[in-house]
Structure formats: structure tokens, C-alpha cells
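With the input below, show me the fold.
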Amino acid sequence: MRFHVLTLFPEMIEAGLGSGIIGRALEGGIISLHTVNIRQYTAERHGKVDDYPYGGGAGMLMQAQPVYDAHRAAAGGRKVRTVYVTPQGSPFTQKKAAEFAREEELVILCGHYEGIDERVLEEIVTDYVSIGDYVLTGGELPAMVMIDAIARLVPGVLGNGSSAEEESFFNDLLEYPQYSRPEVWREKRVPEVLLSGNHSRIAAWRLERARERTALRRPDLYARYEAKQAVRERLSGDKRNNIHMMESLARGRGEILYTDIWAGGEDILLYDEKCGTAMMTAGDGESGRRLSGILPEEAERVLITQPFLEELLAERHYRPAQRCRQVLYTMRNTLPVRHKDIRRLTADSLKDVCCGGGPGAEDYVRGRIEAGDMYGAFAEGKLVGFGGIHSDGRMGMLYVEPDYRRQGIGSALESYMVNRMLERGWTPYGHIREDNRAALSLQEKLGLYSAAKTFCWMEKNTCKQADDMLRF
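Residues are numbered from 1 along each chain as shown. Modelled structure (predicted):
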């Protein structure tokens, strides 16, 4: 990911981000930083970029032209998402950081004095963002705060892919208390459970402490967490058919856009903004029409199990893209992996995996590889099969080269994926096309259960690019 910062003090940005985790990510080329000195784009011979505001008032205002030219130098005339850091903007949150982290490039504009000429803001800015309800002397500190929060969500920056999922604000809970050596400090002992080596007890203790801390310090977050737990509890009554929604909520991905379960209804609409996927279930046609009416415009796919929703979604320009069966593994014990050489794939395998994929396959698979969620089976030093975890959290993309089929490689790959998901505390699940008898048979052999309902992926007609989440 590439950050461009438009500023009067580039040395401040470079010094502030040049050390620690972000500094190492810059050195390693995982992210890049391009600072642009706005003063270099003024026509005033002394480097002046400000002037008095029309209509009077205290202070000076940054002029439009130097800012505009600096932006053109950074973006090269391309349409790059541009953030202006201002107390008047919408709050910067972890969700917003994750949204920005999905961009390939981001321009951040740092203001000074009494602000910036409104005309250039209207011309170049796409997002107005604030880090808090207070005023600073300039936008450099907020820019560094935002870059730090965004960059650490870029794959490879933290090194440990699970780090960003086990901290404050993940799944609407604050982080649990942490302890290190010594075991006793000022007569205060490390909680005994953390010394037990019992990972299930430790996980339960951490969850309980996170819940307690969130309820005490951030009751607003805790209310959201409880709402998700209530929906998950309702869905658990039909786990095989609902595991996709239950896991989306449990993994902190799906947001509840609407539900009437507290009034005894059956309507649920979830949206996973990270992959543009909505999931819905409705009590009847009238409810379905109401839910389809509040789908986000940017939702690329909708996953349904009720046939009457197809017609309603067609009115919103969605069409059936794939019909499948949902399978899930409900046990907690790991599966045997009967192939010795299975490991995470690297970018070196990208072309082999994408051979024959759709137009967007390479970009999609590159993202899954960078996330550490693509696995390959190797024989005699070459890649002979692969599989992975989709961006929405389900297993898929399972493929074995023809010459290596019927040797148990497909079973080993799926078992390996199941085990990786169990390590993360997830319930492994996937979607199998209804006509893929061999794959359905494999699920039964491995001990996965099949849902009774037929699942239908509805895809927006306006999609210009093949949807490789479904077809690849």
C-alpha cells in the first residue's frame, strides 16, 4: 500500500513514521510513504502558501492552487482516494482504518492555520476524517495516527496475521488484560489460569475478561456485542443452515443491518463490508421486500436460502450466480493430514494457482496469499494442488492436478484447512456446487455435515468483473 501525504512539514511525517513496526514495514517495501511539500508548488517566491480569508476573520487560510498542484504531483492526475484530516470530519474508527487499508493508494491532506480554501477541498477530497473532538496546530499528527492504524492492517506489516484480530475493538470487545514476567510483581500475581497451559481455559478466561472490561469502559460497544450474541443464539437453532451468518458475526466481520428477532420475527440482514457480501433471511415476502430495500448499494453479492427472495432481489438487479450446498465441521478434534508437504503459498505460486481463472482471479488470489490463507500441496518439488480460505471466511478453491488425483491429496488439503480454522477458534464451513458430486462425497468422508437447504449466491448484474469469490 502506498501513502501520499500533502504537508508543509514532510520531515515531521518521515521522522514520526520512520521507526518501529511502521518503519520496518517501510524498509521492507510492504508499504511506501511519499511526502509532498505543498510549499514547493506555490508561485510566491518566498514559499508563502497562505493568505487572508475573504469576509474577514482571525488567522490565515491555505490557498487552493498550491494544494491542488501538490495533489496532482502525488496522484498524477489519477482518481486516488483523498482524506482531509479535520475536526469537522467523521470519526476515525477501527472500521474506517480497515476500509482504508483495502485501498492500493491513499492521499492524506494535512491542513494548517485556519484551514484550506473550500474550493480545492471540493475538487480533490473524497473523505473528511477527524481523530477527535479537539483542535491541533496542524494535520501532521492526525495523519501519522491514521497511517499507523491503517498500515498495521496491511497484510505482512504485523508479521502475525492473527495479531490484528486479538486486540481492542475486534468483534466489538476491548482487549483482555495482558501479563508478562515476573510471575509476581509488587505482591500482584499473574492469574493462575494463564500459567496452566490449558488453551481452552485461557481462551475462555480472556473472553470473559474482555467482556467485563468492555461492559465497564465502553457500554456502547458492549451493547453491540450483546446484540450480535443474541442473533447468533437465535441462528444456532438451525446451525447447519445458518453457520455462514453465525461465523460472520463471531469473527467480527458481519454487521447487523436489520433484525426483528426481539419482536419474535425471523428477519435478519447482515453485511460483510470487507468483501461486499450480504446475508439475509426473511419471514415472508413483505419482510423480504423490506430487507432488499435496505441493502447497501455497494453490496456485490447476497447469499440466500429462500427461493422467494430471488424474485425480490431481481428487482434490485441481482441474478443467480451459483447454487450450492453448505457443509460444516462441528467437531473440535483436528483431522489427520495424510500428505507430508502442505504449506502456505507465497507469491511465487501465484501464476500456477491462477492459470485458467477469471479476469479478476490474479488480484483475488494475491490477496488471499498475502493474508496467509492459501495452502499448497507439493510433490517432487512442484505444486500439485491447492486450496484456501475465501475473503468471507469459508473454505474453497480446492484443486488437484489431474495426474495427482485419487491419491488423497484433495482430502489432505481440506483436512489441513479445517485444522487451520480450528486453530483460530472458527467453525470450518464451505459451499459446494450442487452438481459437484465428487466434492460432496469428500465432505461426507471427512465428517462434514451438509445443510438441508439449497444456498443461492445472487450477484449484481452491474458487476464488470468476473466474481472470482464464486467462480474461481
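
Any regions of the stretch 101-250 of the chain where pLDDT drops low?
160-170 (pLDDT under 70).

ugh, wrong one, the stretch 301-450 of the chain
Within the stretch 301-450 of the chain, the segments meeting pLDDT under 70 span 356-359.

so where do the strands sit in it?
For the stretch 301-450 of the chain, the strands defined by DSSP state E, counting those that start in this stretch occupy 301-304, 318-328, 342-344, 374-379, 382-389, 395-400, 429-433, 449-460.

Out of the ones you listed, which is closest to I116?
Using C-beta to C-beta as the measure, strand 449-460 is the one of the strands of the stretch 301-450 of the chain that comes nearest I116, at 36.8 Å. Bear in mind the C-beta positions are built from the backbone N, C-alpha and C, glycine included.

Tell me the buried residues in the closest one?
Neighbour counts over strand 449-460 (16 or more other C-beta atoms under 10 Å) mark 449, 451, 453, 455-460 as buried.

List just the nearest of those residues to H317.
Nearest member of the buried residues of strand 449-460 to H317, counting by C-beta to C-beta, is K460, at 6.1 Å.

Test my guess that the closest one contacts L313.
No: at 9.4 Å, K460 and L313 do not qualify as touching, with contact defined as C-beta atoms under 8 Å.

Give me the nearest residue to the residue nearest the centre of the chain, chain neighbours excluded.
When C-alpha atoms, centre = their mean is applied to the chain, the residue found nearest the centroid is K274 (4.4 Å). Leaving out its chain neighbours, the residue that sits closest to K274 by C-beta to C-beta, 6 or more residues apart in numbering is R253, at 6.2 Å.

again, but for G23
Nearest-residue entry for G23: L17, 6.7 Å, with adjacent residues in sequence omitted and distances by C-beta to C-beta, 6+ apart.

ditto for F378
Excluding its sequence neighbours, the residue lying closest to F378 (C-beta to C-beta, 6+ apart) is D341, at 4.3 Å.

If you tally nearby residues, what's the number for the one you found?
Residues near D341, counting by other C-beta atoms under 10 Å, number 13.

cool, and G77?
8.

three-state assignment of it?
coil (DSSP: H, G, I helix; E, B strand; the rest coil).

now it: how far from I124?
From G77 across to I124, the span is 11 Å (C-beta to C-beta, to the nearest Å).

circling back to that earlier point, the residue nearest to the centre of the chain should be in a helix, yeah?
No: read with three-state DSSP, K274 is coil and lies in no helix.

Enumerate every residue touching it.
Applying C-beta atoms under 8 Å, 6 or more residues apart in numbering to K274 gives the contacts 98, 102, 253, 391-392.

where along the stretch 151-300 of the chain do the strands fall?
Under the criterion DSSP E, counting those that start in this stretch, the stretch 151-300 of the chain contains strands at 184-185, 188-189, 255-259, 268-272, 277-281.

packing partners for the fourth one?
In terms of contact count using 3 or more C-beta pairs under 8 Å, 6 or more residues apart in numbering; DSSP states H and E, strand 268-272 is assigned the packing partners helix 219-235, helix 239-250, strand 255-259, strand 277-281.
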